[in-house]
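Engineer: what follows is a predicted structure for the sequence shown.
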2 protein chains.
Amino acid sequence: MYEVNAPPAGVAAALPVDERFMTLALEQAARGLGRTAPNPPVGCVIVQGNELVGRGFHPRAGEPHAEVFALRDAGERARGGTAYVTLEPCSHHGRTPPCADALIAAGVRRVVVAALDPNPLVAGRGVQRLRDAGIEVTVGVLESEAVRQQAGFRSLIVRGRPWVVAKYAMTLDGKVAAPREGNGVVSGLKARALAMRWRDELDAIAVGSGTLELDDPALTTRGVPGGRDPRPVVFDRRAASDPRARAWRDGAVLVTAPDADAAAHEAAGITVQRAGSLPDALSGLAGLGLGSVLLEGGPTLLSAFFAQGLVDEVRVFLSPKLLGAGLSPVTGPARPMHAAQALRDVTVETLGPDVLITGLLHDIPRV
Amino acid sequence: MYEVNAPPAGVAAALPVDERFMTLALEQAARGLGRTAPNPPVGCVIVQGNELVGRGFHPRAGEPHAEVFALRDAGERARGGTAYVTLEPCSHHGRTPPCADALIAAGVRRVVVAALDPNPLVAGRGVQRLRDAGIEVTVGVLESEAVRQQAGFRSLIVRGRPWVVAKYAMTLDGKVAAPREGNGVVSGLKARALAMRWRDELDAIAVGSGTLELDDPALTTRGVPGGRDPRPVVFDRRAASDPRARAWRDGAVLVTAPDADAAAHEAAGITVQRAGSLPDALSGLAGLGLGSVLLEGGPTLLSAFFAQGLVDEVRVFLSPKLLGAGLSPVTGPARPMHAAQALRDVTVETLGPDVLITGLLHDIPRV
């Protein structure tokens, strides 16, 4: 059930909510995915009756918020209308003035919010500010979808570490690669295209030094119109990887041990992040403003993250073929089958010959 | 397209085929699955206009064929009707007289056949016999479904070995068991119930000596109304397994090396099959009249079958959880990813929390 203001006596009950407009707002928000960190991706549409009169999204940190773009787009037609926003409008002065005030000033009659903002500076205060101004507010419309879209921002602001998404492609006998082969192609075209979209949408892409040596991957986004590259992060405790590897493009981050000799990497202009543990490393990445990390490393990196409970979400492409000998995506920790970690919010989808299964190992932080 | 007789001059074209009646015939046939070897499961329905007037199936070797039961059921109403049969009616005298003759004698006007009989004694002769008697014959209605249902019979009669179905349940990180743990429960209830139905439908169930020692499995069919148990087959090259294990019930088969000392098993009344290789072992099982084998063994047995190209079909339950360290379903042979064996006729289905993916590694023999 949605949370709405109780209508004052003598006033008709709340207008019905049209989820399709929130879907449009989520589509707007998605345009900012991978570009807004440390801010959330947010979308907003303004509606008069059943007519869309304005839309906008937050394009990147430092730029105006979604509401401002949508209000600009609607102009005078915002007055008396309904705003659908994927995240609670802010109530505090950050780099931009509070969006709640902008909505009030524009004369919006009603605001429909997908999810409350977990930022302790907001966390319900935005909604309260709107209600105090006499605006009808509905909260919780397509909340799950919005929360999932905002996972990186929510993880960053609530947990102080990025949302970690492990992605791998596996055969039906559980192999991600042949022994010593490196990155053979496992999935079909549709699956690989979707994986490229994820690179476009997440803030960073992480691999271990083993993958760097074996594959020398570019870690770029390819074949996505208007796509941008995620920030490459290489976990290399000994800083022994070749500083001329393709992953070391602008913005690349080397995560290494506190005492490793990373002089060559520093000389090459690579950002060096020193950490004594994986949790420390993730805090460091959060400090760089990275809200989400796509873990595309091999079994060593993935197993280390998984064993320490640091994988938040998995996205697995299953390819209907059998390999034989090969590498397992995860090799530890050891525990009995009944203690295996079950995924939540599981989705199953076929993509050409492949099957995509996704799910969460942790809940996305809410308010 | 279906193969039909060309209508003689002055006669109307073939009546339209109603696939729903073939579906009913396939359902009839399914009642014999796991019970008819070395004969095929066959179903037959007799139709007058749009009315079902008779049905039958082949219950087990030595009993009459499906057509006979259906004709008995229809009685005089068979005359002028249409028979839907899942397999070409036989034209030869086996343990029973030819079914083609029975259909002719009953005055059936038309016969619709799902698939031709690959038995070299039939292989089109049954259809020819019907046509020679002036009966209209259509071949190929729901042929793929019928061929799949008859995989065991077809494999036995054409290849001289059983159809081998590998079944396993795997986590999303590609593990079938924790190390040294034996058979922990991987799948949910729906998946396990379906796996029990497969035990009811296939002629034999095979495991290796490792599984016998670790789990002492009963290898019985449980929770299937009217279910019967498959014949247990244990691959144990050294004949070192305990002859008191639960798998050694009536009809159990020990497959062992030509020179193994199996005196204790023989003394316990166990059928001992000696074979110098897996292909020889499968020929031996075919000699026992077993048309289909459900391979439920551990990685050692499955890898041996897979490495030698002896797995015909795989049925994999994927459970959306991550284990960590554990056993891979298949551990060999070694080859590059691009040489992985692709499955054909892939199906994907969700069953409660699990995903079932099936497919074929070999084609089912046709005529």
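Structural biologist: The structure has been received and is ready for your questions.
Engineer: could you use CA atoms for every contact and neighbour count after this?
Structural biologist: OK.
Engineer: residue contacts, residue A:221?
Structural biologist: Going by C-alpha atoms under 8 Å, 6 or more residues apart in numbering or on different chains, residue A:221 touches A:196-197, A:199-200, A:227-230.
Engineer: helix or strand: which one has it?
Structural biologist: Per DSSP states H and E: residue A:221 is located in neither a helix nor a strand.
Engineer: neighbours around the residue nearest to it when sequence neighbours are not counted, how many?
Structural biologist: Setting aside the residues directly before and after it, residue A:221 is nearest to residue A:229 in space (C-alpha to C-alpha, 6 or more residues apart in numbering or on different chains), at 5.1 Å. For residue A:229, the neighbour count with other C-alpha atoms under 10 Å in any protein chain shown is 20.
Engineer: residue A:229 touches residue A:220, doesn't it?
Structural biologist: Yes: using C-alpha atoms under 8 Å, residue A:229 is in contact with residue A:220, at 5.1 Å.
Engineer: overlap in contacts, these two.
Structural biologist: residue A:199.
Engineer: report the buried residues of stretch A:101-118.
Structural biologist: For stretch A:101-118, the neighbour count (16 or more other C-alpha atoms under 10 Å in any protein chain shown) marks A:101-104, A:106-118 as buried.
Engineer: from these, which ones fall inside strands?
Structural biologist: Judged by DSSP state E, the subset of the buried residues of stretch A:101-118 located in strands is A:110-115.
Engineer: can I get those in a markdown table with distance to chain B?
Structural biologist: Formatted as a markdown table, those follow (distance: C-alpha to the nearest C-alpha, whole Å):
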| residue | distance to chain B |
| --- | --- |
| A:110 | 40 |
| A:111 | 37 |
| A:112 | 33 |
| A:113 | 31 |
| A:114 | 28 |
| A:115 | 27 |
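Engineer: how far off centre is stretch A:228-239?
Structural biologist: Computed by C-alpha atoms, centre = their mean, to the nearest Å, the chain-centroid distance of stretch A:228-239 equals 18 Å.
Engineer: kindly report the same for stretch A:299-317.
Structural biologist: So, by C-alpha atoms, centre = their mean, the centroid of stretch A:299-317 is 16 Å from its chain's centroid.
Engineer: what's in contact with that stretch?
Structural biologist: Contacts for stretch A:299-317 (C-alpha under 8 Å, 6+ apart): A:163-170, A:187, A:191, A:207-208, A:235, A:278-279, A:295, A:327-333, A:354-363, B:172, B:324.
Engineer: now the strands for the stretch 251-367 of chain A?
Structural biologist: Assignment of strands within the stretch 251-367 of chain A using DSSP state E, counting those that start in this stretch yields the ranges A:253-256, A:271-274, A:292-295, A:313-319, A:321-322, A:341-342, A:344-351, A:354-360.
Engineer: show me what the fifth one packs onto, helices and strands only.
Structural biologist: The one in question is strand A:321-322. Packing contacts for strand A:321-322, counted by 3 or more C-alpha pairs under 8 Å, 6 or more residues apart in numbering or on different chains; DSSP states H and E, involve strand B:341-342.
Engineer: the strand it packs on pairs with which strands?
Structural biologist: Strand pairing for strand B:341-342, using DSSP bridges, gives strand A:321-322 (antiparallel).
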